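J.: Sharing a sequence plus its predicted fold:
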Amino acid sequence: MAEIVVVPDQKQAGELAAQSIVDLIASRPDAVLGLATGSTPLALYRALTARVAETGIDVAHVRGFALDEYVGLPADHPESYRSVITREVVEPLGLTPSLIHVPNGAIDGIEHAGPDYERAIAEAGGVDVQILGIGTDGHIGFNEPGSSFASATRVKTLTEQTRRDNARFFPSEADVPMHCITQGLGTILRAKHLLLLAFGEGKAEAVAGAVEGPVSASNPGSAIQLHPHVTVIVDEAAASRLQNIEYYRYAYANKPAWQTL
């Protein structure tokens, strides 16, 4: 089962997750990170930036693969995930830009962009730790309800709910692209470690479904139950609908000293 860690706030969640990534980089300088976008992972990226600065750890060889990208949005658009990853991760951390990959959402060549991305991940040796958020409908990456657990990187049509949720980043909902290219659930499940963060009461139902609900394509987040190494870090509000929360607290409090996240 996943390790569920309940923390008081986003700041502590970010610091806990960031330390695990610093430890990974210390042991493997060319570690491969799976990079999520959106508001959820910002606490992690900020804490990681601070830890890199404090420790002076060399991140020049760290590689990265973004989860997804909008289709048809120019790469230099401020809300393209290429721009977001550059702005929020690459530049603050001082990563090497050429080592950070984002799915190609350009219309020209979109028919083979998915297989191309899968090939690049495989050639890198796979993702060491995949950072994840979760949508209010349970989507991870842009794998909307109904996505196959065996799915690879491909083009998907965004649900109306996801477009409404993402409209806060655009002038209006009408400006949110209709399509995306996303790593599949099968792609995500091939990462060595899944690190899912969620904050706020609005994510409580999705978290409960992912951790404790039935494993179903109708709830893409539940795919994490099929992975052997998953860490879910949530604040009190996002954990509020977990039925077994007292056990999760007990298990974490009594975790063996030799176990890491």
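T.: Received it, and whenever you're ready, just let me know what you need.
J.: Would you mark the buried spots in stretch 77-91?
T.: Within stretch 77-91, the residues scored as buried using 16 or more other Cβ atoms under 10 Å are 77, 79, 80, 81, 82, 83, 84, 85, 86, 88, 89, 90. Backbone N, C-alpha and C define where each C-beta goes, glycine included.
J.: got the contact list for that stretch?
T.: 35, 37, 42, 45, 64, 66-70, 73-76, 95, 97, 100, 102, 105, 169-170 (Cβ atoms under 8 Å, 6 or more residues apart in numbering).
J.: List buried members of those residues by neighbour count.
T.: 35, 37, 42, 45, 64, 66-70, 73, 95, 100, 102, 105, 170.
J.: residue contacts, residue 161?
T.: Residue 161 sits next to 135, 136, 137 when contact means Cβ under 8 Å, 6+ apart.
J.: Which other helices and strands does whatever helix or strand residue 21 lives in contact?
T.: Assigned by DSSP states H and E, residue 21 belongs to helix 10-27. The elements that helix 10-27 packs onto, with contact taken as 3 or more Cβ pairs under 8 Å, 6 or more residues apart in numbering; DSSP states H and E, are strand 3-7, helix 42-55, strand 129-132, strand 194-198, strand 230-235.
J.: The fourth one - contacts with which helices or strands?
T.: Strand 194-198 is packed against helix 10-27, strand 129-132, helix 204-212, strand 230-235, with contacts defined by 3+ Cβ pairs under 8 Å, 6+ apart.
J.: before we move on, back to that, after the helix holding residue 21 comes which helix or strand?
T.: strand 32-35.
J.: Residues contacting that next one, please?
T.: 21, 41, 62-67, 85, 89, 100, 124-132, 183, 188, 191.
J.: Give the pairing partners of it; include direction for each.
T.: With DSSP bridges as the test, strand 32-35 is paired with strand 63-66 (parallel), strand 129-132 (parallel).
J.: who does whichever helix or strand comes after the first one pair up with?
T.: Once the chain leaves strand 63-66, the next helix or strand it forms, by DSSP H and E, is strand 68-70. Neighbouring strands of strand 68-70 in its sheet, by DSSP bridges, are strand 179-182 (antiparallel).
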